[in-house]
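Undergrad: requesting a structural model of the entry that follows:
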Amino acid sequence: MDDVDKPTVLVIEDEDGIRTYLKMMFEKKNFNAIAASTGTEGYEKIVSRHPDIVILDIAMIGLSGIEIYYRLRAHEETKNTPIIFCSALALPADVKVSHELHSDYLNKPFEFPELYQKVMDLLGMD
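TA: From the prediction side, this is the model:
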């Protein structure tokens, strides 16, 4: 499959180990996987690369996952990009916000197959 035919996932995660692992696992599943370590870098990559789906940490220095969400939804070209929030905090407010925003949420730690299935479901892929 050519790279242009592969779906693109962007992982925005400030923890190096998690970010590297998720990027590698999505590449093994035949995705174009790109990664960002800060909210600001992630937002710039969304605007420039137009990923098919975003895996988004909530608590980050600079732009938080929630701030990125609102920026994406404010622009026509990114307003429908699927987002899966991930957080180790598991604060009831984070879960509530993700549900209010009609986004998926995974509590860290999670297993890759669970995340992968959510990605496949949101992209309408088998």
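Undergrad: wait, Arg71 sits on Thr40?
TA: No - using Cβ atoms under 8 Å, Arg71 is not in contact with Thr40, being 10.7 Å away. (C-beta placed from N, C-alpha, C; glycine too.)
Undergrad: what touches both of these two?
TA: Leu63 (Cβ atoms under 8 Å, 6 or more residues apart in numbering).
Undergrad: helices of this protein, residue ranges please.
TA: For the chain, applying DSSP state H gives helices covering 16-28, 39-49, 65-73, 92-100, 112-123.
Undergrad: which stretch in the ones you listed has the least confidence?
TA: The weakest mean pLDDT among the helices of the chain belongs to helix 92-100, with a mean of 57.
Undergrad: ok so, going back, and the helices of the chain as a markdown table, adding distance to Thr8 and mean neighbour count?
TA: Formatted as a markdown table, the helices of the chain follow (distance: least, Cβ to Cβ, whole Å; neighbours: other Cβ atoms under 10 Å):
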| stretch | distance to Thr8 | mean neighbour count |
| --- | --- | --- |
| helix 16-28 | 9 | 15 |
| helix 39-49 | 7 | 18 |
| helix 65-73 | 15 | 18 |
| helix 92-100 | 22 | 14 |
| helix 112-123 | 10 | 15 |
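Undergrad: correct me if wrong: Lys23 contacts Asn32.
TA: No - applying Cβ under 8 Å as the test, Lys23 and Asn32 come out as separate, 10.2 Å apart.
Undergrad: coming back round to it: and of the helices of the chain, who's closest to Ile83?
TA: helix 65-73 (6.1 Å; Cβ to Cβ).
Undergrad: from the contact counts, what lies against the closest one?
TA: Counting by 3 or more Cβ pairs under 8 Å, 6 or more residues apart in numbering; DSSP states H and E, the packing neighbours recorded for helix 65-73 are helix 39-49, strand 53-57, strand 83-87.
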